[in-house]
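Peer 1: my questions concern the predicted model and sequence given below.
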Amino acid sequence: MQGDGAAAEIAAAIGLLNEFNTNYSEGRVTRVPDSSDGENIGARIARPAGGLDLILLTRGGGSLEDLWAFNEEAVARAIAASALPVVSAVGHEIDFTISDFVADFRAATPSAAAEIITQNVFASREFVAEAPALLARAARRGLETALESSGQLRGRLARLHPRRRLDESLQRLDDSQSGLLRCLKTAVRSRRQSFDHAAARFLRAKPSQILKARREALRQAEARLRLLGPEQVLARGYSITTDAATGKVLRDAKQVKPGQRLQTRLKTGQIRSIAEP
């Protein structure tokens with residue numbers, strides 16, 4: 001793939017691959033070129049099992065002149081116009097051509113390009129091979145999660161069951177009754193102790209002596225009250241004058257008005273009078 005006309009063949013091959021892919025995708029492929037159609041590059045394309053995924057543009061190492069076809073404008077334009085992704089792998093790792101910069105991806109060498117293109121295929125095969133084990137593990141995890149959720153749900157239902165609430169209420173009632181009985185016993189014991197202490201103090205104090213002392217104190221208080229009472233004052237010759245209409249005690253002559261009816265209380269009896277002007 002070098003020398004005169006190589007660039008045109010490369011560009012034509014890229015165009016032919018795109019055209020074939022389009023016709024194949026639309027179901028219009030009726031014939032695929034074979035070796036009887038000449039020695040051009042398009043005649044050496046093998047019919048794929050399906051549509052094309054990409055175009056690998058590659059060549060082994062060589063001199064700058066050997067690789068020059070990949071620097072041609074026709075090749076660069078064909079790569080840019082390609083609807084299929086183009087992977088460029090021309091020459092050795094140190095070789096760079098215009099095709100490398102126009103392509104969708106550059107591989108350092110043809111073998112590196114092959115690894116890059118096929119790595120997803122092998123990864124897919126590994127995934128398919130591991131799929132049964134992955135599915136089994138996923139199923140086990142799902143079952144374990146479901147069992148755990150079911151256990152939690154059963155626990156919640158047990159806690160919310162009416163019988164559980166009734167049992168808890170009965171337990172609280174028993175605790176309350178026990179606490180009330182303890183409080184009553186404690187209160188009765190305390191009152192009994194207080195009564196016993198009061199009875200002991202009462203017996204030590206000799207109630208008869210206390211009663212006698214209280215009677216004497218009451219007698220003295222009565223005597224003091226009698227001395228301070230108005231009857232004692234009246235007995236000594238004093239009198240109490242009040243307004244006959246209102247009963248208000250008069251303490252000052254200026255409070256009396258001419259013609260005002262008065263009532264004077266003596267030790268024995270009362271006197272009614274009228275104030276003169």
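Peer 2: Done, it's in.
Peer 1: where along the stretch 151-277 of the chain do the helices fall?
Peer 2: Chain-ordered helices for the stretch 151-277 of the chain, with DSSP state H, counting those that start in this stretch as the definition, fall at 162-204, 207-228, 230-235.
Peer 1: taking helix 207-228 as reference, get the angle to the longest one.
Peer 2: So that's helix 162-204. Note on geometry: by axes from the mean of the first three to the mean of the last three CA atoms, to 10 degrees, helix 162-204 and helix 207-228 are set 80 degrees apart in direction.
Peer 1: chain center to helix 162-204: distance?
Peer 2: Computed by CA atoms, centre = their mean, to the nearest Å, the chain-centroid distance of helix 162-204 equals 45 Å.
Peer 1: could I get the average pLDDT for it?
Peer 2: If you average the pLDDT over helix 162-204, you get 83.
Peer 1: how about stretch 208-216?
Peer 2: In this model, stretch 208-216 carries a mean pLDDT of 81.
Peer 1: list just the one of the helices of the stretch 151-277 of the chain that sits closest to residue 11.
Peer 2: Among the helices of the stretch 151-277 of the chain, the nearest to residue 11 by CB to CB is helix 162-204 (83.3 Å). Where you see a C-beta, it was placed from the backbone N, CA and C, and this is true even at glycine.
Peer 1: make CSV out of the helices of the stretch 151-277 of the chain and add distance to residue 136.
Peer 2: Below are these laid out as CSV (distance: least, CB to CB, whole Å):
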stretch, distance to residue 136
helix 162-204, 39
helix 207-228, 98
helix 230-235, 118
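Peer 1: quick one: buried residues of stretch 233-246?
Peer 2: 241, 243, 244 (16 or more other CB atoms under 10 Å).
Peer 1: check stretch 8-27 too.
Peer 2: Residues 9, 10, 11, 12, 13, 14, 16, 17, 18, 20, 21, 24 are the ones in stretch 8-27 that count as buried (16+ other CB under 10 Å).
Peer 1: in which helix or strand would I find residue 14?
Peer 2: With secondary structure defined by DSSP states H and E, residue 14 is part of helix 6-25.
Peer 1: give the next helix or strand downstream of that helix.
Peer 2: On the C-terminal side of helix 6-25, the nearest following helix or strand under DSSP H and E is strand 55-59.
Peer 1: counting contacts, what elements does that next one pack onto?
Peer 2: Under the contact criterion of 3 or more CB pairs under 8 Å, 6 or more residues apart in numbering; DSSP states H and E, strand 55-59 touches helix 6-25, strand 86-90, helix 110-160.
Peer 1: can you say which of those is packed in most?
Peer 2: Mean neighbour count (mean count of other CB atoms under 10 Å) peaks for strand 86-90 among the helices and strands packed on strand 55-59, with a mean of 23.
Peer 1: of all the buried residues of stretch 8-27, which comes closest to residue 237?
Peer 2: Nearest to residue 237 out of those is residue 21 (CB to CB; 151.3 Å).
Peer 1: next one: the lowest-mean-pLDDT helix or strand in the chain to chain centre, how far?
Peer 2: Taking mean pLDDT, DSSP states H and E as the measure, the chain has helix 230-235 as its least confident helix or strand, at a mean of 72. Relative to its parent chain, helix 230-235 has a centroid offset of 90 Å by CA atoms, centre = their mean.
Peer 1: also stretch 156-164?
Peer 2: For stretch 156-164, the separation from the chain centroid amounts to 25 Å (computed by CA atoms, centre = their mean).
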